[in-house]
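Student: Based on what follows, work out the 3D shape:
(chains A and B)
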Amino acid sequence: MTGLSDTSTAAVTTPGAIPPWDYARATIAGMHDEAPGVQTYSLEVHPPHRQQLLASKPGQFNMLYLPGIGEAAISIASQPDAEPLLHTVRAVGNVTQRLAALPLGAEILIRGPYGRPWPLEDLAGTDLIIAAGGVGLASVRAAISQAAASRDRFSSVAVLIGAKTPDDLLYQHEFAHWQATGLEVALIVDTAASGWQGPVGFVPQLLDNQPISETTTILTCGPEVMMRSLADAAFTRGLSAERFYLSMERNMQCAAGFCGLCQFGPAFVCRNGPVFRYDQIAHFLEVPHL
Amino acid sequence: MSSSGPVFWFEQSQLQTLIDTLRDRGRRVIGPQVRDGAVIYADLPDASALPTGVLDEQDGGWYRLVEEAHAGPFDHVAGPHSLKNFLFPPRETIQRWRRQEGSWQQLAAESPVAPLAVIGPRACDLAALAIQDRVFLESDFVDPFYKARREQLFVVAVNCRRAAATCFCHSMGCGPAIQRGFDLLLTPVAERFLLEAGSAAGTAIATTLAPQLTPATTDDAAQARQISADLAASMAARPPTPVRSNPVANPAAAAPTAVPHASPPPRSLDTEDIRNLLFDNLEHNRWQEVASRCLSCGNCTMVCPTCFCSSVTEVADLTGDNVSRERQWASCFTLEHGQMHGENARPTTAAQYRQWLTHKLAGWIDQFGSSGCTGCGRCITWCPVGIDLTEEVAAIRETSS
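Tutor: Residues are numbered from 1 along each chain as shown, chains lettered A, B, ... in the order given. Below is the predicted model of the structure:
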């Protein structure tokens, strides 16, 4: 079997380029209720770190810090160089619940961006499928926005979105814009509600309606079980594992590769991920409780 | 014994002069001492505190000091402490914050500490130091706290002339002879030592001491090298660690008061293609078997000189306006280590032990270009049920799928 060292997973940062725990201050300029228990925060990052925080790539994450409460790794929902910085957060832990209780204008601390991004720059001319489940849509939102802004770079772009119920669908107000720019948007929910006209089931079912071409590339983020079954469905239809990218979650605390908590097989998810090419970690994805 | 500079004879009675010289230069001097029945590293009051006259007997789940009149101050081998305890301490404040008028101000983390001098590290300890350097200094990010202590560290290393049954530095290519990574090196020869310098800082100290020292000849140096070579040869001749048919029946773990201890099997580890051996056997039934013995206490990760996992705890006062962040050692044997939103990455002891062993011996190679194991044997000795990683690997190798 091969390892990460055999593949192109060189670190994206230069050794020592960014000191660990180098915080920017940010003001909560806006809070938008995306779905029950999920908010999107608009953050105004203060100098001198403003440029550094805005120079992210789709798929990267920041560490949000509330002194006395703790830190949380949150994917970046906004496009590079777009202000304000957007983070979509589900209030499930100490940090995220306290964040949800903060008033507008409150100051938080933030450091980043960290991790390997979606490989959008390498995907010009491809048939792009972006598939997300639940709050996983947040970590592909920047990629979708970028595809919507430069739709002509891709042969086709389909966005497959799943959620528990129609109310849990994030970014609903943006779907029309995405479609208007030429993106196909397909939705599915686990449990329908009154008025729901779409399909009921799971994200991999949406793949059934998508052609798989020589250049089809899938980017996905969601529960591991969803991503694995999406991969199975795609590979059964002939997609190469080298054209399947997924964003992994582990316990990320330092984001610098030395707290050790985010390990997944030989990888540090903070450094080698969170975006992985499927074939590079396939051996480990198949093992429960790794 | 590797440097080509001058080599001196150094008497045991001159250890105090060495300690005083280091202390006079503003260093905090750490050295081995007997405490609570074990040789540990602590601030060294004077040379008389060194563990002269005792030897350590080690086996799986077994550590006893026995009196031995002829034992020199460094004839013990690895104890529960290592350099990690001082360069990457178990708990330290990494940040302090104060809220003033709604805005958080970062304060200085901790007052600067005196530069350290550590007397006594062995080949395995220096190998562990090099491994931790790769983690904290030579990766994408540099840990500023480790770096500050590491840059000022002065090491008086000591060559081993005996090995415990739990030692397997020879298997990991880490010893027993010290090749590099020291400022000064002491090699025991009968009742005294050969002293040589391995750095500019070491040369400066050796030069200070030189008027009181007798120069050694090349024959003396060759005699000292032979002691290491003989030890290396005896370790290399060890048979592979046997795989017991019923590992629970460990005499040490089962009868902890039995003295004297039956002669334990000397360890060695076959590292041939070990990364792929372990990663190709992630679902081997041995992980379940070892989990039936493992208490997931985390002792192995605490005594390991290279384990680097840590977590940060927020410590706030009652107002919530004054916060310090304390980094402390974490262990992959806790549920907290694998905690994610809504689920746990490694919820079973089998998964936790597999994480520890495969990280140490396999994943580390991908991450840092070397094994994470130095063969010091601490994890074997300090495991309360005597789980032995050399035996676990041998068991997987025997029945590799």
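Student: Which neighbouring elements make contact with the longest helix seen in chain B?
Tutor: The helix that spans the most residues within chain B, counting by DSSP state H, is helix B:218-236. Here helix B:218-236 touches strand B:7-11, helix B:169-172, strand B:184-189, strand B:192-197, going by 3 or more Cβ pairs under 8 Å, 6 or more residues apart in numbering or on different chains; DSSP states H and E. C-beta: built from backbone N, CA, C; applies to glycine.
Student: Show me what the shortest one is in contact with.
Tutor: Same thing as helix B:169-172. B:122-124, B:127, B:163, B:175-176, B:232, B:235-236, B:238, B:267-271, B:371, B:373-376, B:390 (Cβ atoms under 8 Å, 6 or more residues apart in numbering or on different chains).
Student: From these, list the buried ones, please.
Tutor: Among the contacts of helix B:169-172, those classed as buried by 16 or more other Cβ atoms under 10 Å in any protein chain shown are B:122-124, B:127, B:163, B:175-176, B:232, B:235, B:238, B:267-269, B:271, B:371, B:373-376, B:390.
Student: coming back round to it: just the ones of the contacts of helix B:169-172 in helices?
Tutor: Among the contacts of helix B:169-172, the members falling in helices (DSSP H) are B:Ala123, B:Cys124, B:Ala127, B:Ala232, B:Met235, B:Ala236, B:Thr390.
Student: could you dump the residues you listed to a markdown table with pLDDT?
Tutor: Shown next, in a markdown table, are these (pLDDT from 0 to 100):
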| residue | pLDDT |
| --- | --- |
| B:Ala123 | 98 |
| B:Cys124 | 98 |
| B:Ala127 | 98 |
| B:Ala232 | 96 |
| B:Met235 | 96 |
| B:Ala236 | 95 |
| B:Thr390 | 97 |
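Student: So which of those is the closest to B:Thr203?
Tutor: Nearest to B:Thr203 among these is B:Ala123, at 20.9 Å by Cβ to Cβ.
Student: Give me the pLDDT for the nearest residue to that closest one once chain neighbours are set aside.
Tutor: Leaving aside its sequence neighbours, B:Ala123 sits nearest to B:Gly175 (Cβ to Cβ, 6 or more residues apart in numbering or on different chains; 3.0 Å). Note on B:Gly175: pLDDT of 92.
Student: ok, B:Gly175 - contacts?
Tutor: The contact partners of B:Gly175, taken as Cβ under 8 Å, 6+ apart, are B:Arg122, B:Ala123, B:Cys124, B:Ala127, B:Cys160, B:Cys169, B:Ala232, B:Thr374, B:Gly375.
Student: give me every residue that touches the fourth one.
Tutor: Applying Cβ under 8 Å, 6+ apart, one finds that B:Ala127 lies in contact with B:Cys169, B:Met172, B:Cys174, B:Gly175, B:Gly181, B:Thr374.
Student: Give me the nearest residue to B:Ala395, chain neighbours excluded.
Tutor: Nearest residue to B:Ala395, sequence neighbours excluded (Cβ to Cβ, 6+ apart): B:Val243, at 4.7 Å.
Student: re the thing from before, tell me the two of the contacts of B:Ala127 that are most distant?
Tutor: B:Met172 and B:Gly181 (14.8 Å).
Student: which ones are touching the nearest residue to B:Asp317 once chain neighbours are set aside?
Tutor: Spatial nearest neighbour of B:Asp317, excluding adjacent residues (Cβ to Cβ, 6+ apart): B:Val323 at 7.8 Å. Shown in contact with B:Val323 (Cβ under 8 Å, 6+ apart): A:Pro67, A:Gly68, B:Arg96, B:Trp97, B:Arg98, B:Arg99, B:Glu314, B:Val315, B:Ala316, B:Asp317.
Student: redo that, cut-off 6 Å
Tutor: A:Pro67, A:Gly68, B:Trp97, B:Ala316 (Cβ atoms under 6 Å, 6 or more residues apart in numbering or on different chains).
Student: what's the answer for B:Glu11, then?
Tutor: By Cβ under 6 Å, 6+ apart, the contact set of B:Glu11 is B:Arg192.
Student: per-residue confidence for it?
Tutor: Reported pLDDT at B:Glu11 in the predicted model: 96.
Student: in the chain, which spans are strands?
Tutor: Went with chain A since none was named. Using DSSP state E, the strands found in chain A span residues A:24-35, A:38-45, A:61-66, A:70-75, A:85-90, A:107-114, A:127-133, A:156-163, A:184-189, A:217-221, A:244-247, A:263-264, A:267-268, A:275-277.
Student: I was thinking of chain B, sorry if that wasn't clear
Tutor: B:7-11, B:28-35, B:38-43, B:54-59, B:62-67, B:91-100, B:103-107, B:116-119, B:154-158, B:184-189, B:192-197, B:214-215, B:310-316, B:322-329.
Student: could these be laid out in JSON lines, adding distance to A:Pro274?
Tutor: Below are the strands of chain B laid out as JSON lines (distance: least, Cβ to Cβ, whole Å):
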{"stretch": "strand B:7-11", "distance to A:Pro274": "53"}
{"stretch": "strand B:28-35", "distance to A:Pro274": "40"}
{"stretch": "strand B:38-43", "distance to A:Pro274": "39"}
{"stretch": "strand B:54-59", "distance to A:Pro274": "42"}
{"stretch": "strand B:62-67", "distance to A:Pro274": "42"}
{"stretch": "strand B:91-100", "distance to A:Pro274": "24"}
{"stretch": "strand B:103-107", "distance to A:Pro274": "27"}
{"stretch": "strand B:116-119", "distance to A:Pro274": "37"}
{"stretch": "strand B:154-158", "distance to A:Pro274": "39"}
{"stretch": "strand B:184-189", "distance to A:Pro274": "45"}
{"stretch": "strand B:192-197", "distance to A:Pro274": "47"}
{"stretch": "strand B:214-215", "distance to A:Pro274": "60"}
{"stretch": "strand B:310-316", "distance to A:Pro274": "19"}
{"stretch": "strand B:322-329", "distance to A:Pro274": "23"}
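Student: what's around B:Ala233, how many residues?
Tutor: Look at B:Ala233: counted by other Cβ atoms under 10 Å in any protein chain shown, it has 11 neighbours.
Student: Point out where the chain drops to low pLDDT.
Tutor: Looking at chain A here, since you left the chain open. Applying pLDDT under 70 to chain A flags residues A:1-18.
Student: my bad, the chain I had in mind was chain B
Tutor: B:1-4, B:111-112, B:247-262, B:401.
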